[in-house]
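Enquirer: Here you go, sequence then predicted model.
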Amino acid sequence: MAGAGGGGCPAGGNDLQWCFSQVKGAVDEDVAEADVISTVEFSHSGDLLATGDKGGRVVIFQREQENKSRPHSRGEYNVYSTFQSHEPEFDYLKSLEIEEKINKIRWLPQQGAARFLLSTNDKTIKLWKISERDKRAEGYNLKDEDGRLRDPLRITALRVPILKPMDLMVEASPRRVFANAHTYHINSISVNSDHETYLSADDLRINLWHLEITDRSFNIVDIKPANMEELTEVITAAEFHPHQCNVLVYSSSKGTIRLCDMRSSALCDRHSKFFEEPEDPSSRSFFSEIISSVSDVKFSHSGRYMMTRDYLSVKVWDLNMESRPVETHQVHEYLRSKLCSLYENDCIFDKFECCWNGSDSAIMTGSYNNFFRMFDRTTWRDVTLEASRENSKPRASLKPRRVCAGGKRKKDEVSVDSLDFSKKILHTAWHPVENIIAVAATNNLYIFQDKAN
Amino acid sequence: MSRVASRKDRVPRGSVKGPGMMLSKGLKRKREEEEEEGKEALAVDTWWLDPGHPAVAQAPPAVASSSLFDLSVLKLHHSLRQSEPDLRHLVLVVNTLRRIQASMAPTAALPPVPSPPTAPGIADNLLASSDAALSASMASLLEDLSHIEGLSQAPQPLVDEGPPGRPTGGAPPSLGALDLLGPATGCLLDDGLEGLFEDIDTSMYDSELWAPASEGHKSSPEDGPGKEEAPELDEAELDYLMDVLVGTQALERPSGPGR
């Protein structure tokens, strides 16, 4: 299914022709575990793109300024800064290793020249400052150019140091470390619209932090039962509302979403709204709960909707209607008959993320075989694309892919049984304004853009 | 034991079918998985369907078979053996296990059968006794885990992992295994310090090296020869004393029972 030509639809997912732009990462078939990308996030303006990996590293790409001599190609993303955010740790009390894998990165809104982001592993959140230095001072009085102290007796005249340009140096420094507040594994962080606080969520609790204060956090949600034997549900994702600084949502392993208002009480154990779609009795199975488990929840930019990702579908909810979603998009329904196998090989537990485009008119999520899916909410059209090295000629258009669920396989279709379940696209990101997407395929980061320019 | 969840049991690339796990309707299925050797082949000729679930032509629906139950128990076991279990995975597997179990014995209320809780070879018993078997499994796993981590709630003589442990009388229902996660991951002092030291073998420092059989299973090297020596020691000593008395032995013989 080819997308309709160009058209005037500015930000739809399917009237566009998606083209390959760049790919980052090693080409080797043997992927080092540490190089597997675990999170992808555009900054609020989209000029920076951050990735985190299992080795605890953060790599930030910056979009180059548009080149006047090549008006048809938009700015490319090149490496801006690389740093080790988290190291493997050992908890001596419990004899446990703490993984350095970066679970989430969230940018803070830009307030000055420096850029700030939060990165987290299972236990500790860090605030990083990324700043540029492109000048250095020369002509100090008390020290030489190489830093050695000058003999004060030999100083006969004073001079004013002058600033000279130097090669751009980007420095990343940890400004805050928020530690020791989570017993369980952190799955989400979310910066509040007040730009002063943020939340961190683990399997059973959600904590509220002030960005300036590291030795204290407030627990706002706690679903740990008095008796752990009664545990039947965990928190899977949480996010602050984009505009209302008192509102947050969190999703659960049972497929429910709770919206909480921090104004109503200090401890938000009682929700203000409860979103759950009644189970369809005709499709009930032993795996119903597992596939209903929400792996990601994202507010729309407008703040009016939220989107949830479960194993087989993406659902859009209107915050004013708790009884059922307003839209349900099937990601890979052909897997429904394979659930038993997917349970056996643990694929059924994979946590896919989802994202909105800048205008909330389209949504995107990943699948297996390095496929990812886009849904246009206005035209109700969807497309399956593939992130692969074979389609990596510059500005090459991406051909829509088709999975054959059964029966005769047409040419160019991929049969379900030949899908590669080790090639999963869990993390995707959409530029906040333009039609540029970043797709993480294991250790490679693909950047696609739309052709229209 | 790897930190990152093991993917060794992954379906090979490009293939959805796991070994023998692709269910087909109405056929006899044989056990092919190596881990479950010793199990009998099960003939699956009935499908336990949830009420209201139509017979679907295309896809195998939920099957309340023992193999699914055993697979889930295996997963649960594997999950609990991780140094820090993934709570979401654990909870989902346990809940699925409950569902399967509930469908396998829809008219439960049978007296609890104190059967060995480990999975293989007890398909029929598991079908017969619902909660008891599950709680027994949990109790056994809990014990195994305590044995590994050295943090046991109830100090009991723990057997090795080989022979299945007996279900303790106070085995907590269903999610007993998860109880371990509370104190294990919470504050160290929540539990008192006693639990920490139970795995340390202090028999070396016990003064009664020649203690009788009650400590037999923890015998240190000194115990063995000591016990054997005791009766012989008396005889040898007596002989020696006799010789001394009689005056036929010099006193340069090394003293004591040493050889």
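Expert: Perfect, thanks for sending it.

Enquirer: Settle this for me: residue A:245 is touching residue A:191, isn't it.
Expert: No - here residue A:245 lies out of contact with residue A:191, judged by C-beta atoms under 8 Å, at a distance of 10.4 Å. Every C-beta, even on glycine, is put in place using the N, C-alpha and C of the backbone.

Enquirer: Mind checking which of these two has more residues around it?
Expert: Remark: of residue A:245 and residue A:191, residue A:191 carries more neighbours, 22 against 16, as counted by other C-beta atoms under 10 Å in any protein chain shown.

Enquirer: What residues are bridge-paired with the more buried one?
Expert: residue A:198 (DSSP bridges).

Enquirer: I'd assumed residue A:116 was in contact with it.
Expert: No - checked against C-beta under 8 Å, the pair residue A:191 and residue A:116 is beyond contact range at 9.5 Å.

Enquirer: Now for these two: what residues contact both?
Expert: Common neighbours of residue A:191 and residue A:116, using C-beta atoms under 8 Å, 6 or more residues apart in numbering or on different chains, are A:107, A:108.

Enquirer: And for the spatially closest residue to residue A:115 that is not a sequence neighbour, the neighbour number?
Expert: If the residues on either side of it in the chain are set aside, residue A:115 comes closest to residue A:130, at 4.5 Å by C-beta to C-beta, 6 or more residues apart in numbering or on different chains. For residue A:130, the count of nearby residues is 21 (other C-beta under 10 Å).

Enquirer: what sits against residue A:130?
Expert: Here residue A:130 is in contact with A:60, A:80, A:81, A:114, A:115, A:116, A:117, A:170, A:171, A:172 (C-beta under 8 Å, 6+ apart).

Enquirer: Which among these count as buried?
Expert: A:60, A:80, A:81, A:115, A:116, A:117, A:170, A:172 (16 or more other C-beta atoms under 10 Å in any protein chain shown).

Enquirer: secondary structure element for the closest residue to the last one other than its chain neighbours?
Expert: Across the structure, with C-beta to C-beta, 6+ apart as the measure, the residue nearest residue A:172 apart from its sequence neighbours is residue A:83 (4.1 Å). Assigning secondary structure by DSSP states H and E places residue A:83 in strand A:77-84.

Enquirer: Partner strands of that strand and their direction?
Expert: strand A:57-63 (antiparallel).

Enquirer: Mind listing residues that contact the strand it pairs with?
Expert: A:24, A:34, A:46-53, A:75-85, A:102, A:105, A:117, A:119, A:128, A:130, A:172.

Enquirer: Could you do stretch A:115-123 as well?
Expert: With C-beta under 8 Å, 6+ apart as the criterion, stretch A:115-123 contacts A:41, A:43, A:48, A:50, A:52, A:56, A:58, A:85-86, A:89, A:98-108, A:110, A:125-131, A:175, A:179-180, A:182, A:185-186, A:189, A:191, A:198, A:200.

Enquirer: what's the offset of it from the middle of its chain?
Expert: 12 Å (C-alpha atoms, centre = their mean, to the nearest Å).

Enquirer: Looking at that stretch now, give me its mean pLDDT.
Expert: Averaged over stretch A:115-123, pLDDT sits at 97.

Enquirer: Spit out the contact partners of the residue nearest to residue A:178 when sequence neighbours are not counted.
Expert: Spatial nearest neighbour of residue A:178, excluding adjacent residues (C-beta to C-beta, 6+ apart): residue A:125 at 4.2 Å. Residue A:125 makes contacts with A:118, A:119, A:177, A:178, A:179, A:186, A:189, A:200, A:209, as judged by C-beta under 8 Å, 6+ apart.

Enquirer: Look up how far chain B lies from residue A:125.
Expert: 18 Å (C-beta to the nearest C-beta, to the nearest Å).

Enquirer: Up against chain B, what does the stretch 51-200 of chain A have?
Expert: Neighbours of chain B within the stretch 51-200 of chain A, by C-beta under 8 Å from any C-beta of the partner chain: A:54, A:93, A:94, A:95, A:96, A:97, A:99, A:183, A:184, A:185.

Enquirer: what residue ranges in the stretch 151-259 of chain B are flagged as low confidence?
Expert: B:151-236, B:238-241, B:244-259 (pLDDT under 70).

Enquirer: now swap in the stretch 51-200 of chain A and tell me
Expert: Across the stretch 51-200 of chain A (using pLDDT under 70), the flagged ranges come out as A:67-74.

Enquirer: Which parts of it are strands?
Expert: A:57-63, A:77-84, A:89-91, A:96-98, A:104-107, A:115-120, A:125-138, A:162-178, A:188-191, A:197-201 (DSSP state E, counting those that start in this stretch).

Enquirer: Distance to residue A:398 added to those strands, as JSON lines?
Expert: What follows is these, written out as JSON lines (distance: least, C-beta to C-beta, whole Å):
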{"stretch": "strand A:57-63", "distance to residue A:398": "20"}
{"stretch": "strand A:77-84", "distance to residue A:398": "18"}
{"stretch": "strand A:89-91", "distance to residue A:398": "41"}
{"stretch": "strand A:96-98", "distance to residue A:398": "39"}
{"stretch": "strand A:104-107", "distance to residue A:398": "26"}
{"stretch": "strand A:115-120", "distance to residue A:398": "29"}
{"stretch": "strand A:125-138", "distance to residue A:398": "32"}
{"stretch": "strand A:162-178", "distance to residue A:398": "32"}
{"stretch": "strand A:188-191", "distance to residue A:398": "30"}
{"stretch": "strand A:197-201", "distance to residue A:398": "34"}
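
Enquirer: and the closest residue to residue A:431 other than its chain neighbours, what does it touch?
Expert: Leaving aside its sequence neighbours, residue A:431 sits nearest to residue A:46 (C-beta to C-beta, 6+ apart; 4.4 Å). Residues near residue A:46 by C-beta under 8 Å, 6+ apart: A:63, A:431, A:432, A:433, A:434, A:436.

Enquirer: repeat that with 7 Å
Expert: A:431, A:432, A:433, A:434 (C-beta atoms under 7 Å, 6 or more residues apart in numbering or on different chains).

Enquirer: Which one of the residues you listed is nearest to residue A:229?
Expert: Proximity of these to residue A:229 (C-beta to C-beta) peaks at residue A:432, which lies at 44.8 Å.

Enquirer: Let me know the pLDDT of the closest one.
Expert: Confidence score, pLDDT, at residue A:432: 97.

Enquirer: before we move on, what SS does it have?
Expert: coil (DSSP: H, G, I helix; E, B strand; the rest coil).

Enquirer: neighbours around it, how many?
Expert: Around residue A:432 there are 16 residues (other C-beta under 10 Å).

Enquirer: thinking it is in contact with residue A:43, fair?
Expert: No - counting by C-beta atoms under 7 Å, residue A:432 does not reach residue A:43; the two are 8.1 Å apart.

Enquirer: just to revisit the earlier point, from the contacts of residue A:46, list the buried ones, please.
Expert: The neighbour-count test (16+ other C-beta under 10 Å) marks A:431, A:432, A:434 as buried among these.

Enquirer: In a markdown table, list those along with distance to residue A:280.
Expert: Listed next are the buried ones among the contacts of residue A:46 as a markdown table, based on distance: C-beta to C-beta, whole Å:
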| residue | distance to residue A:280 |
| --- | --- |
| A:431 | 35 |
| A:432 | 35 |
| A:434 | 38 |
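
Enquirer: Out of those, which comes closest to chain B?
Expert: residue A:432 (29.5 Å; C-beta to the nearest C-beta).

Enquirer: just to revisit the earlier point, what is the nearest of the contacts of residue A:125 to residue A:368?
Expert: The closest of the contacts of residue A:125, once distances to residue A:368 are taken by C-beta to C-beta, is residue A:186, at 26.0 Å.

Enquirer: Assess the claim that that closest one and residue A:103 are in contact.
Expert: Yes - at 6.0 Å, residue A:186 counts as touching residue A:103 under the criterion of C-beta under 7 Å.
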